[in-house]
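Student: Show me how the following folds:
(4 chains)
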There are 2 protein chains.
Amino acid sequence: MHAVVKSFILIGMKASQPSVRKTGRPLSFDPQAALEPAMLLFWRHGYEATSLAELTRAMGVTSPSIYAAYGDKKGLFRAAVRRYLTQPQTPVAVIAQAPNAATAARTLVEGAAIAFTGTDTPAGCLLASSAIAVSAEADDVREELAAIRREIETALRDRISDDIKAGRLPPATDRTILAAYVMTVIQGLSTLARDGATRAKLEQVAQFALALWPQAPPGKL
Amino acid sequence: MHAVVKSFILIGMKASQPSVRKTGRPLSFDPQAALEPAMLLFWRHGYEATSLAELTRAMGVTSPSIYAAYGDKKGLFRAAVRRYLTQPQTPVAVIAQAPNAATAARTLVEGAAIAFTGTDTPAGCLLASSAIAVSAEADDVREELAAIRREIETALRDRISDDIKAGRLPPATDRTILAAYVMTVIQGLSTLARDGATRAKLEQVAQFALALWPQAPPGKL
DNA sequence: GTACTTTCGTAATGGGCGATACGGAACACC
DNA sequence: GGTGTTCCGTATCGCCCATTACGAAAGTAC
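Tutor: Coordinates of the predicted model:
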């Protein structure tokens, strides 16, 4: 019975168009579209500091409908995080599609400086800042986001490994530290943006930080 | 009357030894010493996710006594932050006492890698992580911590200016970006520590990041 | 000892939280 | 048009939150 409920949730969330269900009263809202204002609220105030009352007001959906569509507050947050990460594409996809690790890192860091200072969105990064210090009851949510962050770091580290093997990076490069350094800069940029730093400042810090990328051995680019 | 209460609070918090008050039932706890467990809780769970019930249990002080000594939850948090920042000395003092900006930055970043991975303390930095995403009611607390972060950044930037004028740094050095870069790395290290990174890893990232410090012109060290 | 001052612990305050029970409404199916 | 199914809105649930009223307790002052 619990599995049945969950499958409905997945159906309701995956498709923006009318789902495969045939009978019963139709949904009066688009569960995918309603994630937008929820994502913005979680982005601004974080997971725990965003109340259901604020969410229902911003989404234009009553709480029983939210619980039917997403399960509970954690389910809604997870869906909002998924939406956040796929706009326009996930960091892991960015890393995979870049021609090399240097481009991947540059795209991530420069993209962070821009994404963290959007005029129509809250400052900083939802993934980096919305569940850092949480209560014991929400520790699973914090851990989920930490796992995503580690996943990105691992993907970048693997790309660096490839470049070292291919001779595009010096053999002495420490792939683990280099990947961790890039993540450190991105996380730090989120806090600076939240503290009110301008886009220009963030972009300059990003450029400065990227100057540490090891140079390719001669003739191996 | 409100000012009177506040003066009592300051007296009670500044002196660990018996205050100048003569009459009345004596305090049954040391308001300064009781900040230690409160600081650790705020450090671990952040300002909003730490409840008064947890605080009273950890401090061994009932809530009316907490309100008499610190005013309210925000007052207790501010006192805990002050205690955090003065162990062993404030970042601004570290910057002021260093022989030059390079040493100041190195001391801050290397100290962060160690302080953020203590075995007897929560991971990460209380200043960097305890009030990042907060509700509207706690936005003043977030802003207060942001002001402290900006103060540290400004102090570092001014130290860099001195070094440029004294010829210890290249004239083309952008003091604003260099100071912001150091702050970015420190904030990022806090998140990495919270995500479970080891002290060794943080120290290596710190060393790596510090390699970006501009070299002094020849003969000007 | 008596009066005065301050802090103590107990117990409660109103309010907001996440989550839900329930009956009516809106569709598809036949 | 009747039946079955699903969703909607209202109203509310119990719980925990930060904060405080109140009377007893523990000191000093005289």
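Student: gap between residue A:168 and residue A:134?
Tutor: For residue A:168, the distance to residue A:134 (Cβ to Cβ, to the nearest Å) stands at 40 Å. Yep, even glycine has a C-beta here, placed from its N, CA and C like the rest.
Student: neighbour count winner among these two?
Tutor: residue A:134 (24 against 19; other Cβ atoms under 10 Å in any protein chain shown).
Student: Helix, strand or coil: sort out the closest residue in space to that one that isn't next to it in sequence for me.
Tutor: Once flanking residues are discounted, residue A:134 sits nearest to residue A:142: 4.8 Å by Cβ to Cβ, 6 or more residues apart in numbering or on different chains. Under DSSP: H, G, I helix; E, B strand; the rest coil, residue A:142 falls in the helix class.
Student: what's the spacing between residue A:142 and residue A:207?
Tutor: 31 Å.
Student: of those two, who's got more company?
Tutor: Ranked by neighbour count (other Cβ under 10 Å), residue A:142 and residue A:207 place residue A:142 first, with 20 against 14.
Student: residue contacts, that one?
Tutor: The neighbours of residue A:142, taking Cβ atoms under 8 Å, 6 or more residues apart in numbering or on different chains as the test, are A:131, A:132, A:134.
Student: what are the ranges of the strands in chain A?
Tutor: Assigned by DSSP state E, chain A shows no strands.
Student: what ranges do the helices span in chain A?
Tutor: Taking DSSP state H as the criterion, chain A contains helices spanning A:2-14, A:35-45, A:52-59, A:63-70, A:73-85, A:91-97, A:101-115, A:126-129, A:139-165, A:175-194, A:199-210.
Student: For DNA strand D, tell me whether the second one is touching it.
Tutor: To tie it back to what came earlier, the one meant is helix A:35-45. No - judged by Cβ under 7 Å from any atom of the strand, helix A:35-45 makes no contact with DNA strand D; its nearest approach is 14.5 Å.
Student: for the third one, same thing?
Tutor: No - Helix A:52-59 lies out of reach of DNA strand D by Cβ under 7 Å from any atom of the strand, never closer than 8.8 Å.
Student: got a list of what residue A:144 touches?
Tutor: By Cβ under 8 Å, 6+ apart, the residues touching residue A:144 are residue A:78.
Student: where's it relative to DNA strand C, distance?
Tutor: 15 Å (Cβ to the nearest atom of the strand, to the nearest Å).
Student: and what of residue A:203?
Tutor: For residue A:203 relative to DNA strand C (Cβ to the nearest atom of the strand), the value is 35 Å.
Student: what's the residue lying closest to that residue once chain neighbours are set aside in contact with, if anything?
Tutor: Nearest in space to residue A:203, with sequence neighbours left out and distances taken as Cβ to Cβ, 6+ apart, is residue A:113 at 4.6 Å. The contact partners of residue A:113, by Cβ under 8 Å, 6+ apart, come to A:189, A:199, A:202, A:203, A:205, A:206.
Student: Which one of those is nearest to residue B:119?
Tutor: residue A:189 (29.1 Å; Cβ to Cβ).
Student: Make sure the closest one is actually in contact with residue A:202.
Tutor: Yes - the pair residue A:189 / residue A:202 is scored as a contact, 5.6 Å apart, by Cβ atoms under 8 Å.
Student: Find residues that contact each of the two.
Tutor: Common neighbours of residue A:189 and residue A:202 (criterion: Cβ under 8 Å, 6+ apart): A:112, A:113, A:116.
Student: quick one: the closest residue to the first one other than its chain neighbours from residue A:124, how far?
Tutor: Going back to what we said before, that points to residue A:112. Counting by Cβ to Cβ, 6+ apart, residue A:112 lies nearest to residue A:186, which is 4.8 Å off, once chain neighbours are set aside. Shown here: residue A:186 relative to residue A:124, a distance of 11 Å by Cβ to Cβ.
Student: hmm, back to that, can you put the contacts of residue A:113 in CSV and add neighbour count?
Tutor: Converted to CSV, the contacts of residue A:113 look like this (neighbours: other Cβ atoms under 10 Å in any protein chain shown):
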residue, neighbour count
A:189, 30
A:199, 16
A:202, 25
A:203, 18
A:205, 28
A:206, 24
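Student: any idea of the pLDDT on the residue nearest to residue A:203?
Tutor: Note on residue A:113: pLDDT of 98.
Student: quick one: it from DNA strand C, how far?
Tutor: Distance from residue A:113 to DNA strand C, by Cβ to the nearest atom of the strand: 31 Å.
Student: Over to residue A:159?
Tutor: Residue A:159 sits 38 Å away from DNA strand C, going by Cβ to the nearest atom of the strand.
Student: Test my guess that that residue contacts residue A:99.
Tutor: No - if you go by Cβ under 8 Å, residue A:159 and residue A:99 don't touch, sitting 10.1 Å apart.
Student: which of those two has more neighbours?
Tutor: Shown here are residue A:159 and residue A:99; by other Cβ under 10 Å, residue A:159 has more neighbours (21 against 8).
Student: Count residues in the vicinity of the closest residue to DNA strand D within chain A, would you?
Tutor: Closest contact between chain A and DNA strand D, by Cβ to the nearest atom of the strand, is at residue A:24 (2.0 Å). Around residue A:24 there are 6 other residues, counting by other Cβ under 10 Å.
Student: With the one 5 residues further on instead?
Tutor: Look at residue A:29: counted by other Cβ under 10 Å, it has 14 neighbours.
Student: Up against DNA strand C, what does chain A have?
Tutor: Counting by Cβ under 7 Å from any atom of the strand, chain A sits next to DNA strand C at A:22-26, A:50-54, A:62-64, A:67, A:72-74.
Student: dump the residue contacts of residue A:43.
Tutor: A:84, A:121, A:122, A:124, A:126, A:130.
Student: Please work out how many residues are found near the closest residue to residue A:146 other than its chain neighbours.
Tutor: Leaving out its chain neighbours, the residue that sits closest to residue A:146 by Cβ to Cβ, 6+ apart is residue B:195, at 4.4 Å. Per other Cβ under 10 Å, the neighbour tally for residue B:195 reads 20.
Student: Touching, residue B:195 and residue A:150? I think so.
Tutor: Yes - contact status for residue B:195 versus residue A:150: in contact at 6.5 Å, counting by Cβ under 8 Å.
Student: Pull the contacting residues for the residue sitting nearest the centre point of chain A.
Tutor: Nearest residue to the geometric centre of chain A (Cα atoms, centre = their mean): residue A:85, 3.9 Å. Contacts for residue A:85 (Cβ under 8 Å, 6+ apart) come out as A:91, A:127, A:148.
Student: Any chance of these in JSON lines with pLDDT as columns?
Tutor: Converted to JSON lines, the contacts of residue A:85 look like this (pLDDT from 0 to 100):
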{"residue": "A:91", "pLDDT": "97"}
{"residue": "A:127", "pLDDT": "98"}
{"residue": "A:148", "pLDDT": "98"}
